[in-house]
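Enquirer: Give the three-dimensional model of this entry:
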Amino acid sequence: MDDLLRQALLMALCPAPSVLVFFLIYRKRQTSRARRRAPLPHLRRRPAGESLRARLEVIDEQAYEWFAYLAACPALVGLAAGLIKMPGIALPATLFLASVIWTGVCAWKLLKLSRERAAIELGFDGRRRVAEELNRLTAEGFEVYHDVPFDGFNIDHVLIGPPGVFAVETKTRPTPGKVSVPGQDRVEFDGFRVNWPMADESYGLERAMANARTLAQWLSSALGEAIDATPILTLPGWAIDRTAANQVVLALNPNEIGKLCDSKTVRLNEDLIRRIGHQMNQKCGSM
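Expert: Now for the predicted structure:
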């Protein structure tokens, strides 16, 4: 009996430090997050891809929890094997099968989170790349807003200047090759859809039009006068071969947006730009 108790205690105490470390780190992060308050006022404008950054944090927390579950499984199985004495191989086989099943569940969940994180991180990097190009236009009198929140969705970028109001939708896709040289990966735009090397899609165009429509309606209601918004679909990392034009949506590489704005005639005066900017600051400053 003493030998059995000693063995059980040994098997229980060996994984205890690892489990304790996981638990303490998790509690420390949760407590620190609850108590921490930055001594800074709310940002007037949201950073590019802020909603995606928040989703990345959630995924990282979920992955951390599943890693803890994965680490705890062998400890629990080993403890059960030490405490339960049963002749034959039925018990070891059952415990081994349970361990394999649980490990498979954890691996599947972690793989799923990893793929989701990779897709979101790609979109986040794309939005930051577009933001770099758009932020340069502030020297030319433009106001730039990122990750503008609306009910159930966000407009990736909003550009406001003398040529007008632009709602920019960013779509980032991985390149098919292992080694990518900027400017050599090309996509075709036929006026109705984007023909990627891996598939064709029109969702980005539809999303850009819907965003511009929502932005125009909201600004018109807030200012009490009609405001138009031009939809732009931008594809960072891809050169665009335009075989036909779309009269509503513009499909551009990020570095082409500035050239487009320079080619537009002045439609908004300084007072209207200031009033639009005030509404946008109220919209984007609730962080």
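Enquirer: show me where the protein has strands.
Expert: 143-150, 153-161, 164-170, 186-189, 194-195, 200-201, 229-234, 239-242, 250-252 (DSSP state E).
Enquirer: need the ones you listed in CSV with mean pLDDT, can you?
Expert: Shown next, in CSV, are the strands of the chain (pLDDT from 0 to 100):
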stretch, mean pLDDT
strand 143-150, 92
strand 153-161, 92
strand 164-170, 93
strand 186-189, 88
strand 194-195, 88
strand 200-201, 84
strand 229-234, 92
strand 239-242, 87
strand 250-252, 87
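Enquirer: Select, out of the ones you listed, the one closest to residue 122.
Expert: For residue 122, the closest of these is strand 164-170, at 10.8 Å, according to Cβ to Cβ. The C-beta positions use only the backbone N, C-alpha and C, and glycine is treated the same way.
Enquirer: got the CA positions of that closest one in PDB?
Expert: This file holds the C-alpha atoms of strand 164-170, laid out as PDB (Å, rounded to 0.1, in the frame of the first residue of the first chain):
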ATOM      1  CA  GLY A 164     -13.500  63.900 -52.400                       C
ATOM      2  CA  VAL A 165     -14.200  61.000 -50.000                       C
ATOM      3  CA  PHE A 166     -12.800  57.500 -50.700                       C
ATOM      4  CA  ALA A 167     -13.700  54.200 -49.000                       C
ATOM      5  CA  VAL A 168     -10.800  51.800 -49.400                       C
ATOM      6  CA  GLU A 169     -11.300  48.100 -49.100                       C
ATOM      7  CA  THR A 170      -8.100  46.000 -48.800                       C
END
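Enquirer: what's the pLDDT at residue 271?
Expert: As predicted, residue 271 sits at a pLDDT of 90.
Enquirer: let's have the chain start at 38 instead
Expert: Understood, numbering begins at 38; the last thing we discussed is residue 308.
Enquirer: I'd like to know how far it sits from residue 137.
Expert: 69 Å (Cβ to Cβ, to the nearest Å).
Enquirer: of those two, who's got more company?
Expert: Using other Cβ atoms under 10 Å as the criterion, residue 308 and residue 137 rank with residue 137 on top: 12 against 8.
Enquirer: per the record, what domains does the chain have?
Expert: Domain ranges of the chain: 39-164, 179-321, per automatic domain parsing.
Enquirer: and the residue most central in space within the chain, what does it touch?
Expert: Centroid check for the chain by Cα atoms, centre = their mean gives residue 89 as the closest residue, at 2.6 Å. With Cβ atoms under 8 Å, 6 or more residues apart in numbering as the criterion, the residues that contact residue 89 are 157, 160-161, 164.
Enquirer: Not including adjacent chain positions, what is the nearest residue to it?
Expert: residue 161 (4.2 Å; Cβ to Cβ, 6 or more residues apart in numbering).
Enquirer: Can you tell me how far the one you found is from residue 179?
Expert: As for residue 161, its distance to residue 179 is 23 Å (criterion: Cβ to Cβ).
Enquirer: about what we covered before: tell me which of the domains of the chain is the most buried.
Expert: Most buried of those, by mean neighbour count (mean count of other Cβ atoms under 10 Å): domain 179-321, with a mean of 17.
Enquirer: For stretch 224-242, measure first residue to last.
Expert: By Cα to Cα, to the nearest Å, the extent of stretch 224-242 from end to end equals 14 Å.
Enquirer: Contacts only, for the closest residue to residue 309 other than its chain neighbours.
Expert: Distance criterion Cβ to Cβ, 6+ apart; nearest residue to residue 309, sequence neighbours excluded, is residue 260 at 7.9 Å. For residue 260, the contacting residues are 309, 312-313, 316, by Cβ under 8 Å, 6+ apart.
Enquirer: cool, residue 192 as well?
Expert: 184-185, 204-206, 248, 251-252.
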